[in-house]
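1. with the input below, show me the fold.
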Amino acid sequence: MVLELRNVFVEASGRPVVRGVSLRVESSELQVLMGPNGAGKSSLLSALMGLPGYRVVKGEVLLDGQRLNDLTLYERARRGLGLGFQTPPRMRGVTARCILEALEKIHGPWRDLRRYARLLGVEDLLDKPLGSLSGGERKRVELLLVLAQRPRVMLLDEPDSGVDIDSLGLIADVVEESVRRGIGVLLVTHTTHFLEELVGRGIVSGINVMIDGVIRLSGEPRRVLQLLEERGLRGAAGGA
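-> Model (predicted):
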């Protein structure tokens, strides 16, 4: 399984935000996308998933060689793409169990549900309204819901944003297990703490630094991490 971006340009609400990104994410591979706020990271993931308001206006998005550009969000999800939102939507009165039951009607029973719920520490949260959960709880439940879609490639938009240290470790555990079980992951973050955690586990295949909609630096994780620590995001990308 390969998600491949070929010279992708993205517009958000008609405004150019991503300019000529090329990237590959293979099975059992974690690619990290970093960059300052406003770099285009979230817009890229939204366009890959086909969310309203985001559009690939040039280039190709391929999943196992099949072009996704003209497919709907639903069709992309059925092909194997799953998106974890930076800010999970607050759905008043809706519980995670309601969504999980709906997903089981589409995909069939998910035998790993209880195990992943336990790993994420959300077993007692499944029957609570999603809007009542804390930031860390919502992020962990969101990851469970993405996994329940049986994705072959996960797009995770800042799963570390706004979560406590304990939640961060649980999220890292499940990302690691997903990669080791064959799922490809494109993960957006702008914090080096979470990145160091993932690199230390030996599961990061590459780090890509996006500045102003362009990937300015890509490379071996420890080398890029060292550059980031020494020079910062813009300094590392400009001096590489």
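2. in the protein, which residue is most central in space?
-> The chain has Leu156 as the residue nearest its centroid, 1.3 Å off, counting by CA atoms, centre = their mean.
3. how close does it get to Gln149?
-> With distances taken as CB to CB, to the nearest Å, Leu156 is found 13 Å from Gln149. Placement of C-beta: from N, CA and C, glycine included.
4. which regions of this protein lie under the pLDDT threshold?
-> Applying pLDDT under 70 to the chain picks out residues 1, 88, 90, 239-240.
5. where do the helices of it begin and end?
-> Per DSSP state H, the chain carries helices over the ranges 41-49, 73-79, 96-107, 113-120, 135-147, 165-180, 192-200, 221-239.
6. can I get those helices in a markdown table with distance to Gly206?
-> Listed next are these as a markdown table, based on distance: least, CB to CB, whole Å:
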| stretch | distance to Gly206 |
| --- | --- |
| helix 41-49 | 15 |
| helix 73-79 | 23 |
| helix 96-107 | 30 |
| helix 113-120 | 25 |
| helix 135-147 | 21 |
| helix 165-180 | 13 |
| helix 192-200 | 11 |
| helix 221-239 | 7 |
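7. so which of the ones you listed comes closest to Arg24?
-> helix 41-49 (12.9 Å; CB to CB).
8. contact partners of the closest one?
-> With contact meaning CB atoms under 8 Å, 6 or more residues apart in numbering, helix 41-49 is reached by 3, 5, 8, 10, 12, 17-18, 21, 33-35, 53-56, 61, 68, 73, 76-77, 81, 83, 86, 155, 157-158, 186, 188, 190, 210.
9. separate out the buried members of those residues.
-> Using 16 or more other CB atoms under 10 Å as the burial test, these include 3, 5, 8, 10, 12, 17-18, 21, 33-35, 54-56, 61, 68, 76-77, 81, 83, 86, 155, 157-158, 186, 188, 190, 210 as buried.
10. on that earlier part again, now that the residue nearest to the centre of the chain has come up, it's in contact with Ile183, right?
-> No: between Leu156 and Ile183 there is no contact, the gap being 10.6 Å when judged by CB atoms under 8 Å.
11. identify the residues contacting Val224.
-> 206-207, 209, 217-218, 236.
12. which among those count as buried?
-> For the contacts of Val224, a neighbour count by 16+ other CB under 10 Å gives the buried set as 206-207, 209, 217-218, 236.
13. export these to CSV and append columns for distance to Ser134.
-> CSV is the format used below for these (distance: CB to CB, whole Å):
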residue, distance to Ser134
Gly206, 32
Ile207, 29
Val209, 31
Leu217, 35
Ser218, 35
Ala236, 33
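14. from these, which is closest to Gly40?
-> Val209 (11.7 Å).
15. wait, isn't that closest one in contact with Gly35?
-> Yes: in terms of CB under 8 Å, Val209 counts as a neighbour of Gly35; the distance is 5.9 Å.
16. shared neighbours, those two?
-> Common neighbours of Val209 and Gly35 (CB under 8 Å, 6+ apart) are Leu233.
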